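Peer 1: Got a predicted model here, sequence first, then my questions.
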Amino acid sequence: MRSDKIKKGIERMPNRALLYGTGLHSSHMGRPFIGIASSFTDIIPGHINMRTLERYIERGIENTGGAPFIFGVPGICDGIAMGHLGMRYSLPSRELIANIIETIAGAHSLDGLVLLTNCDKITPGMIMGALRMNIPTIVVTAGPMLSGHYGSKRLSLVRDTFEAVGRYKAGQIGKSEREILEQEACPSCGSCQGLYTANTMACLTETMGLSLPHCGATPAVLNRKTRIAYESGQKIVQLVEKDIKPRDIVTKKSLENAIRVDMALGGSSNTVLHLMAIAHEAKVKLTLKDFDRLSKDTPHISDLRPGGEAFMEDLDISGGIPGVLKSLAAKLNDTPTVSGLTTKQIADKAVIYDYDIIRPLNKPYHTEGGIAVLYGNLAEEGCVVKQSAVDDDMRCFEGPAAVFDSEEDAMKAILHSKIKKGDVIVIRYEGPSGGPGMREMLSPTSALVGMGLHKHVALITDGRFSGGTRGPCIGHISPEARAGGLIAYLKNGDKIKIDISRRKIEVALTQSEVVRRKKTMKLLPPKVKEGYLAHYANMVTSASTGAVFKD
């Protein structure tokens with residue numbers, strides 16, 4: 001066992017003394033040491049049930065012959081960090097978390113890991129660290145939140161708070177309704193109710209084979225979730241005994257399965273960043289072209305919020321991720337999972353209870369998957385759009401640019417009715433380096449929806465979008481403005497054309513005009529000049545490569 005380095009031999013007498021100081025019994029010294037990386041915090045609703053899940057994971061480990069040790073990992077709630085400078089820390093926290101997993105597991109020679117996680121950047125960050133260490137690992141995602149209610153109307157965070165800001169501003173709802181929505185939209189613990197980034201990553205983690213079946217969609221409040229936690233504690237000891245490592249599970253084939261499920265569900269565009277970063281740590285080559293190739297060959301078979309009306313709880317009771325795998329079985333690779341079953345064995349055993357929530361391949365909502373990758377002179381390295389959340393009549397859009405150098409400036413213009421129908425809003429200097437931190441633009445996109453403008457304007461950015469974004473919103477434009485991409489040289493009134501079906505994004509500028517602007521227009525200086533964000537800005541790579549740190 002790896003942990004023998006800290007507990008075997010006469011020279012390890014001081015190490016053992018310290019371990020006994022934690023309350024260990026002598027019988028634990030012969031057991032595998034299992035780290036439980038917990039992102040518990042009581043400021044994130046998706047994490048407040050983790051104290052209970054920690055106990056059940058511990059029980060499973062102890063009862064199967066392991067020695068459990070809980071350690072903490074930081075967590076950020078993107079919803080709370082949204083719309084202000086706090087969002088700069090969200091994506092950078094992913095790299096911090098990966099480093100913490102590596103540091104703790106490496107320093108204490110842990111034999112295995114259980115990753116207890118839920119929200120947006122925490123799940124990929126933990127997986128990245130585990131892949132880097134490549135010791136047996138299983139992931140427990142803490143589960144989605146139940147829908148809220150306003151009378152008989154079902155509520156979700158994004159549609160009934162973020163988008164309600166625009167409806168309130170437009171006079172469509174009053175103060176009393178606004179206050180009810182604030183208090184009832186998030187009625188329980190769990191990650192936000194739709195197929196936003198946290199729940200998308202939970203589903204893809206299960207698809208990749210790192211979580212037990214049904215873990216991704218089982219709501220946080222169900223006792224089934226505690227049983228999954230207990231079984232995960234048991235399973236990690238078995239994985240250690242068999243020396244099954246995460247790089248045995250996360251391969252090009254399992255990542256392709258994850259992309260297919262992402263496309264079939266219409267998941268968050270943030271998964272493009274996260275799956276490429278996970279692939280980087282798994283030593284697997286994954287590019288934007290893989291996403292677009294698989295999207296064109298994967299029907300969109302589930303219509304969850306934000307683009308549709310179903311909730312995560314509906315997906316769960318309709319068959320969960322095993323049900324999705326069953327519907328997609330003909331297109332999936334047969335890969336191993338931590339459960340001991342292969343992907344297709346899980347699919348064979350699955351039952352689909354509602355064929356409208358999980359449709360068959362021959363009756364999809366859309367013939368292509370949820371995400372499209374666009375290229376053109378505005379995005380030579382590519383950009384992404386959640387096409388499953390775009391109305392058909394907005395898939396091709398052309399209009400004059402309304403240019404802003406920050407999210408805040410754009411938000412002011414939207415709320416003060418400065419945006420006209422037909423505009424293409426451009427928010428730049430929000431990329432991985434320029435932001436820094438590649439902030440999500442959920443506040444402006446939700447305000448546009450609430451004000452009814454999402455069917456009349458488009459938005460492009462070198463930043464990114466929440467999984468809750470809908471409408472013709474193009475993110476991850478690469479190269480970003482800070483790196484000298486053409487987005488940095490746009491001016492108000494420039495004609496921009498977006499054609500999702502043809503995978504094109506172009507601005508109508510001659511090459512000579514582009515050269516002239518690059519000579520006369522200066523790039524903005526760095527927004528942050530000290531601290532972690534300044535280091536991050538200098539180390540991070542393009543969104544087109546997953547926004548990982550430079551080698």
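Peer 2: Okay, I see it.
Peer 1: can you pull the pLDDT of residue 77?
Peer 2: At residue 77, the pLDDT value in this model is 96.
Peer 1: List the contacts of it.
Peer 2: 43-46, 119 (Cβ atoms under 8 Å, 6 or more residues apart in numbering). Every C-beta, even on glycine, is put in place using the N, C-alpha and C of the backbone.
Peer 1: Geometrically speaking, which residue is the centre of the protein?
Peer 2: The residue lying closest to the centre of the chain (Cα atoms, centre = their mean) is residue 197, at 3.5 Å.
Peer 1: Verify the contact between that residue and residue 272 for me.
Peer 2: No: the pair residue 197 / residue 272 is not scored as a contact, 10.8 Å apart, by Cβ atoms under 8 Å.
Peer 1: any idea how far residue 435 is from residue 527?
Peer 2: With distances taken as Cβ to Cβ, to the nearest Å, residue 527 is found 7 Å from residue 435.
Peer 1: Under a three-state scheme, what state does residue 149 occupy?
Peer 2: The three-state assignment at residue 149 reads strand, by DSSP: H, G, I helix; E, B strand; the rest coil.
Peer 1: Count the neighbours of it for me.
Peer 2: The number of residues packed near residue 149 is 12, by other Cβ atoms under 10 Å.
Peer 1: List the contacts of it.
Peer 2: Counted by Cβ under 8 Å, 6+ apart, residue 149 has contacts 155, 184, 187.
Peer 1: and which of these is nearest residue 16?
Peer 2: Lowest distance from residue 16 to the contacts of residue 149 (Cβ to Cβ) belongs to residue 187, with 48.2 Å.
Peer 1: is it true that the closest one touches residue 146?
Peer 2: Yes: using Cβ under 8 Å, residue 187 makes contact with residue 146 at a distance of 6.0 Å.
Peer 1: thinking again about what came up before, from the contacts of residue 77, list the buried ones, please.
Peer 2: 44-46, 119 (16 or more other Cβ atoms under 10 Å).
Peer 1: how about those residues in JSON lines, adding secondary structure?
Peer 2: Listed next are the buried ones among the contacts of residue 77 as JSON lines, based on three-state DSSP:
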{"residue": "44", "secondary structure": "coil"}
{"residue": "45", "secondary structure": "helix"}
{"residue": "46", "secondary structure": "helix"}
{"residue": "119", "secondary structure": "coil"}
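Peer 1: quick one on the thing from earlier: select from the contacts of residue 149 the one having the most neighbours.
Peer 2: Most surrounded of the contacts of residue 149: other Cβ under 10 Å gives residue 155, at 20 neighbours.
Peer 1: quick one, phi/psi of it?
Peer 2: Dihedral pair for residue 155: phi -120, psi 150, per degrees, to the nearest 10.
Peer 1: circling back: got JSON lines for the contacts of residue 149, with pLDDT and distance to residue 234 too?
Peer 2: Shown next, in JSON lines, are the contacts of residue 149 (pLDDT from 0 to 100; distance: Cβ to Cβ, whole Å):
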{"residue": "155", "pLDDT": "97", "distance to residue 234": "37"}
{"residue": "184", "pLDDT": "97", "distance to residue 234": "38"}
{"residue": "187", "pLDDT": "97", "distance to residue 234": "32"}
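Peer 1: Tell me the one of the residues you listed nearest residue 355?
Peer 2: residue 155 (25.8 Å).
Peer 1: which residue packs closest to that closest one, ignoring adjacent ones?
Peer 2: Ranked by Cβ to Cβ, 6 or more residues apart in numbering and with sequence neighbours excluded, the top spatial neighbour of residue 155 is residue 148, at 3.4 Å.
Peer 1: Residue 322 now?
Peer 2: Here the residue nearest residue 322, using Cβ to Cβ, 6+ apart, is residue 350, at 3.5 Å.
Peer 1: The one you found against residue 323, yeah?
Peer 2: Yes: between residue 350 and residue 323 there is a contact under Cβ under 8 Å: 5.1 Å.
Peer 1: Looking at those two, which one has more neighbours?
Peer 2: residue 323 (25 against 20).
Peer 1: helices or strands next to the helix or strand that contains that one in the packing?
Peer 2: In the assignment (DSSP states H and E), residue 323 maps to helix 320-328. Applying 3 or more Cβ pairs under 8 Å, 6 or more residues apart in numbering; DSSP states H and E, we find helix 320-328 packed against helix 197-208, helix 252-265, helix 343-349.
Peer 1: and it, how far out from the chain's middle?
Peer 2: When distances are taken as Cα atoms, centre = their mean, to the nearest Å, helix 320-328 is centred 20 Å away from the chain's centroid.
Peer 1: what's the angle between it and helix 252-265?
Peer 2: 90 degrees (axes from the mean of the first three to the mean of the last three Cα atoms, to 10 degrees).
Peer 1: Residues touching helix 320-328, excluding its own?
Peer 2: Residues contacting helix 320-328 (Cβ under 8 Å, 6+ apart): 203, 206-207, 213-214, 216-218, 260-261, 264-265, 298, 301-302, 315, 319, 332, 343-344, 346-353, 358-361.
Peer 1: hmm, try it at 7 Å
Peer 2: Here helix 320-328 makes contact (Cβ atoms under 7 Å, 6 or more residues apart in numbering) with 203, 206-207, 213-214, 216-217, 260-261, 264-265, 301-302, 332, 343, 346-347, 350-352, 358-361.
Peer 1: Which residue ranges of the stretch 51-200 of the chain form strands?
Peer 2: 67-72, 112-117, 137-141, 148-150, 153-155 (DSSP state E, counting those that start in this stretch).
Peer 1: now these in CSV, with distance to residue 170?
Peer 2: Listed next are those as CSV, based on distance: least, Cβ to Cβ, whole Å:
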stretch, distance to residue 170
strand 67-72, 43
strand 112-117, 37
strand 137-141, 36
strand 148-150, 18
strand 153-155, 19
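Peer 1: To residue 369, which of these lies closest?
Peer 2: Nearest to residue 369 among those is strand 137-141 (22.1 Å), distances taken as Cβ to Cβ.
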